[in-house]
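Engineer: Would you be able to build a 3D model of this:
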Amino acid sequence: MKKILPAIFLLLFGMCSTAWAAPSINYGYALMPDGNSFTSPYSNVTVETFNSIAANVGLMPTGYSGNGSVVSGSTGTHAAPYGLNGPDLTNYLAVPYSGSSLKSVTINFNTAYNYLGLWWGSVDGYNAIFFNNGSQVASYGGSDVAPPANGDQGNHLTNLYVNFLDLPSFNQVVLQSTSYALEIDNLAVGINPNHPVPEPSTLLLFGAGLAGISVYKLRKKN
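Structural biologist: Next up is the predicted model:
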């Protein structure tokens with residue numbers, strides 16, 4: 001019995017190590033019905049398309065604050081994310097917008113998530129995303145996701161759908177730029193869309209079951 005319990009502990013530890021993975025980034029995407037725009041490849045997520053927000057009026061959806069603008073098209077200060085066959089023809093979020101002295105938008109969520117996906121247009125090294133949950137839990141600059149992050153407006157290497165997976169739990173995201181705009185569309189949030197994590201109680205029950213079976217077999221053998 002003394003040898004069996006450590007073995008069960010090691011098994012559960014291995015399961016936990018696999019289940020709670022380190023944060024990672026991938027660039028998978030699905031196409032929107034227009035056949036051009038990128039969106040999250042995961043089905044069990046919530047997506048904000050910005051299309052229900054009036055364009056070019058500086059309005060932000062509920063839960064958003066800061067200086068940003070829901071816009072369409074391209075100008076000298078912001079450029080629509082580039083899709084499969086051309087630029088985004090729908091509304092998108094630009095941070096900051098023309099004439100703004102502030103260069104960030106804060107997005108607050110009613111619940112905590114560990115996945116964020118977004119169509120990040122013309123990624124620049126001076127763009128950054130911060131994940132908060134009371135305090136900062138993670139951050140990524142443009143150069144972390146799209147080196148060399150040179151802001152090329154028509155290059156697929158700098159117009160990406162970026163999936164941030166297995167992040168520390170967050171309930172707030174800050175989009176920040178220190179120069180020209182950070183542009184995003186089809187923002188998605190969710191919990192473990194790639195590989196759902198077993199609840200700790202499930203693992204404990206499974207471990208207890210293994211322990212019970214082992215004890216039963218040992219007694220039967222004796």
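Engineer: pLDDT below threshold where in this structure?
Structural biologist: Under the criterion pLDDT under 70, the flagged ranges of the chain are 1-20, 54-62, 195-222.
Engineer: tell me, what residue is most central in it?
Structural biologist: Centroid-nearest residue in the chain, with Cα atoms, centre = their mean: Leu116, separated by 1.4 Å.
Engineer: Next up, the contacts around Gln172.
Structural biologist: By Cβ atoms under 8 Å, 6 or more residues apart in numbering, the contact list for Gln172 reads 106-109, 131-133. Backbone N, C-alpha and C define where each C-beta goes, glycine included.
Engineer: Weed out the non-buried ones from the residues you listed.
Structural biologist: Those of the contacts of Gln172 that meet the buried threshold are 106-107, 131-133, by 16 or more other Cβ atoms under 10 Å.
Engineer: Need the residues you listed in TSV (columns: distance to Val95).
Structural biologist: Formatted as TSV, the buried ones among the contacts of Gln172 follow (distance: Cβ to Cβ, whole Å):
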residue	distance to Val95
Thr106	10
Ile107	10
Phe131	16
Asn132	16
Asn133	21
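Engineer: Which one of those is nearest to Pro147?
Structural biologist: Phe131 (20.5 Å; Cβ to Cβ).
Engineer: Can you verify that closest one is assigned to a helix?
Structural biologist: No - counting by DSSP: H, G, I helix; E, B strand; the rest coil, Phe131 falls outside a helix, being strand.
Engineer: I'd say it and Ser139 touch.
Structural biologist: Yes - look at Phe131 against Ser139 with Cβ atoms under 8 Å: they come within range, at 6.8 Å.
Engineer: What about the residue nearest to Ser101 when sequence neighbours are not counted, how many residues nearby?
Structural biologist: Spatially, and ignoring its direct neighbours in sequence, Ser101 is nearest to Asn67 (7.5 Å; Cβ to Cβ, 6 or more residues apart in numbering). Asn67 has 16 neighbours, counted by other Cβ atoms under 10 Å.
Engineer: so what's Asn67 up against?
Structural biologist: By Cβ under 8 Å, 6+ apart, the contact set of Asn67 is 95-97, 100-105.
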